[in-house]
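Participant: Sequence plus the predicted model coming up.
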Amino acid sequence: MSLIYLDYNATTPIDVAVSSAMIPYMTQHFGNPSSSHHYGTITKKAVTRSRIQVSQLLNCHPDEVIFTSGGTESNNYAIKNALLNSSDRIIHCITSRVEHPSVMEVFKFLEQRYSRVRVTYCGVDENGTIRLDEFKNALSRETLLVSVMHSNNEVGTLQPIREIGKLIRSFEKENQMERNSIILHTDAAQKDITPVHLLSVCTHKFYGPKGVGALFIRRNCGIQLEKQVHGASVHERGYRSGTENVILVVGLGKACEQCLIHMVDRVEHMFTTREKLYNGLLNNLSNIVQIKLNGHPEKRLPNTLNISFAGIEANTILDDLSQHIAASAGSACHSSSHEEGAEKKIVISQILAEMGVDVNIAMGTIRFSTGLLLTNDEVESAIHHVTDTISKL
């Protein structure tokens, strides 16, 4: 059985160039980067090279990059430390209602644990874009941290990070606050990180290995982070002690290098295959079932196609497709009890609920996400299989 993989937003396969770069550090170069002899020198240079590769993708300085275990750790470290290392004053934070759990759960934890932490959760419009009027009105002199994702992993909508940065700077100026009084945290490598102070990187989302990531910490912007792990101060500028996982760090660096080199071609391929899939499904099914595109029609990730098939349960669709296609559901159906004939409850994702998508439409939401290994023939086959499934249901 050959499954067509359409779940690249969940994770990506490791690029051949990335795995090739990692292999020597599994089989030959095993030295501790902190060792002063030849074996340590080789791996230390590899770690240094990887840090440079990450910085080149982000267009920042190498010493502004620390390695972590992934996006979740980076988000936790950025948010917790930015808040808890502040004074005992009231701390106000702003985020959106559609953030990743590794952001939302951190804020909820801090609110419950510390009475001086207040969080404003801004809503989004029907496209999943944060409401800038709400954001602007939420800013106050007590605001210390803003955390907004660059792009939503479910519907693909790109958030206006530059505009958010401009609103922050204008507010600081109008209220005669010191520049960088309000910290801006986001995620994902992006074209311009000028307004950003903290940025989380997760490499398994762009053809690198799992279990490794990075956190960008801008120089000279007043951020004082506590140590994440105590130990030898030679590791990661003293923020995160522990012998570096050279194999994974090399993979992260190479993935960043490949992303920078092949960005244009990758975007074009993902966009082309996504549009081919969407147009094929529309042509075949628009007369059979109501199809709704979720997310911004233009300002969204080039590979993300989140669509709802009205009145059909997403899990039923995926179950029927399970021998042919790997994709993700945007909703789930649960029975209120285990008894036969028990009433079923449709649970839709947070982003779809916040966008105001009707439950009868949202219940049939599937996220298809395209990627580098997807071929045009596979897209044609996927269109055929989805058409066949929806037509039966």
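Facilitator: That came through fine.
Participant: Run through the strands of the stretch 51-200 of the chain in chain order.
Facilitator: 65-68, 91-96, 117-122, 143-147, 183-187, 198-202 (DSSP state E, counting those that start in this stretch).
Participant: which phi and psi does the nearest residue to T157 once chain neighbours are set aside have?
Facilitator: With sequence-adjacent residues excluded and distances taken as CB to CB, 6 or more residues apart in numbering, T157 is closest to G128, at 3.7 Å. For every residue, glycine as well, the C-beta is placed using N, CA and C. According to degrees, to the nearest 10, the main-chain angles of G128 amount to phi 90, psi 10.
Participant: Next one: G128 from I90, what distance?
Facilitator: Separation of G128 from I90 (CB to CB, to the nearest Å): 31 Å.
Participant: Settle it for me: which of these two has more neighbours?
Facilitator: Ranked by neighbour count (other CB atoms under 10 Å), G128 and I90 place G128 first, with 27 against 13.
Participant: so that one makes contact with L158?
Facilitator: No: look at G128 against L158 with CB atoms under 8 Å: they stay out of range, at 9.4 Å.
Participant: which residues do these two both contact?
Facilitator: Residues touching both G128 and L158 by CB atoms under 8 Å, 6 or more residues apart in numbering: H296.
Participant: And the residue nearest to T157, how far from S20?
Facilitator: In terms of CB to CB, G128 sits 38 Å off from S20.
Participant: Kindly report the same for G231.
Facilitator: To S20, G231 is 32 Å away according to CB to CB.
Participant: cool, and A255?
Facilitator: A255 is 12 Å from S20, by CB to CB.
Participant: These two: who's more crowded?
Facilitator: Taking neighbours as other CB under 10 Å, A255 and S20 compare with A255 leading, 30 against 11.
Participant: can you map out the helices along this structure?
Facilitator: Taking DSSP state H as the criterion, the chain carries its helices at 16-22, 24-27, 38-58, 71-84, 101-113, 132-138, 161-174, 246-285, 314-321, 350-354, 359-362, 376-392.
Participant: export those to a markdown table and tack on mean pLDDT and distance to N180?
Facilitator: Below are those laid out as a markdown table (pLDDT from 0 to 100; distance: least, CB to CB, whole Å):
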| stretch | mean pLDDT | distance to N180 |
| --- | --- | --- |
| helix 16-22 | 98 | 35 |
| helix 24-27 | 97 | 38 |
| helix 38-58 | 96 | 18 |
| helix 71-84 | 88 | 12 |
| helix 101-113 | 94 | 21 |
| helix 132-138 | 98 | 18 |
| helix 161-174 | 95 | 8 |
| helix 246-285 | 97 | 26 |
| helix 314-321 | 96 | 44 |
| helix 350-354 | 95 | 30 |
| helix 359-362 | 94 | 40 |
| helix 376-392 | 97 | 46 |
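Participant: Figure out which of those is closest to L215.
Facilitator: L215 lies closest, by CB to CB, to one member of the helices of the chain: helix 71-84, at 4.2 Å.
Participant: re the thing from before, can you list the strands of the stretch 51-200 of the chain in CSV and add mean pLDDT and mean neighbour count?
Facilitator: Shown next, in CSV, are these (pLDDT from 0 to 100; neighbours: other CB atoms under 10 Å):
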stretch, mean pLDDT, mean neighbour count
strand 65-68, 95, 25
strand 91-96, 95, 24
strand 117-122, 96, 18
strand 143-147, 94, 23
strand 183-187, 93, 26
strand 198-202, 95, 27
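Participant: among the ones you listed, which is nearest Y5?
Facilitator: Y5 lies closest to strand 198-202 among these, at 18.6 Å (CB to CB).
Participant: what does that closest one rub up against?
Facilitator: With CB under 8 Å, 6+ apart as the test, strand 198-202 has contacts from 54, 58, 70-72, 74-75, 78, 82, 183-189, 193, 213-218, 223, 252, 256.
Participant: Could you do stretch 19-36 as well?
Facilitator: Stretch 19-36 is contacted by residues 37-44, 46-47, 209, 232, 234-235, 243-244, 246-248, 250-251, 253-254 when judged by CB under 8 Å, 6+ apart.
Participant: And those residues, which of them are buried?
Facilitator: The neighbour count (16 or more other CB atoms under 10 Å) marks 42-44, 46-47, 209, 235, 244, 246-248, 250-251, 253-254 as buried among the contacts of stretch 19-36.
Participant: Give me the domain ranges for the protein.
Facilitator: The record's domain split for the chain, according to automatic domain parsing, is 4-11+263-392, 16-259.
Participant: Which two among the buried ones among the contacts of stretch 19-36 are spaced furthest apart?
Facilitator: Between any two of the buried ones among the contacts of stretch 19-36, the greatest separation by CB to CB is 20.9 Å, found for H235 and K254.
Participant: Return stretch 151-166 as PDB; C-alpha atoms alone will do.
Facilitator: Extracted C-alpha coordinates of stretch 151-166, given in PDB (Å, rounded to 0.1, in the frame of the first residue of the first chain):
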ATOM      1  CA  SER A 151       1.100  31.400  10.700                       C
ATOM      2  CA  ASN A 152      -1.700  29.100  11.900                       C
ATOM      3  CA  ASN A 153      -0.800  25.500  11.400                       C
ATOM      4  CA  GLU A 154      -4.500  24.500  10.800                       C
ATOM      5  CA  VAL A 155      -5.800  27.000   8.300                       C
ATOM      6  CA  GLY A 156      -2.500  28.500   7.200                       C
ATOM      7  CA  THR A 157      -3.500  32.200   7.800                       C
ATOM      8  CA  LEU A 158      -0.500  34.500   8.100                       C
ATOM      9  CA  GLN A 159      -0.600  36.900  11.000                       C
ATOM     10  CA  PRO A 160       0.400  40.600  10.400                       C
ATOM     11  CA  ILE A 161       3.600  40.500  12.500                       C
ATOM     12  CA  ARG A 162       5.100  43.700  11.000                       C
ATOM     13  CA  GLU A 163       1.900  45.600  11.600                       C
ATOM     14  CA  ILE A 164       1.800  44.300  15.200                       C
ATOM     15  CA  GLY A 165       5.400  45.500  15.700                       C
ATOM     16  CA  LYS A 166       4.500  48.900  14.300                       C
END
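Participant: In that stretch, which residues are buried?
Facilitator: For stretch 151-166, burial by neighbour count (16+ other CB under 10 Å) applies to 151-161, 164-165.
Participant: What lies in contact with it?
Facilitator: Residues outside stretch 151-166 that contact it (CB under 8 Å, 6+ apart) are 9, 96, 98, 100, 124, 127-130, 132, 135, 146, 148-150, 184, 186, 188, 190, 192, 194-196, 294-296, 299-301, 303-306, 330, 349, 351-352, 355, 367.
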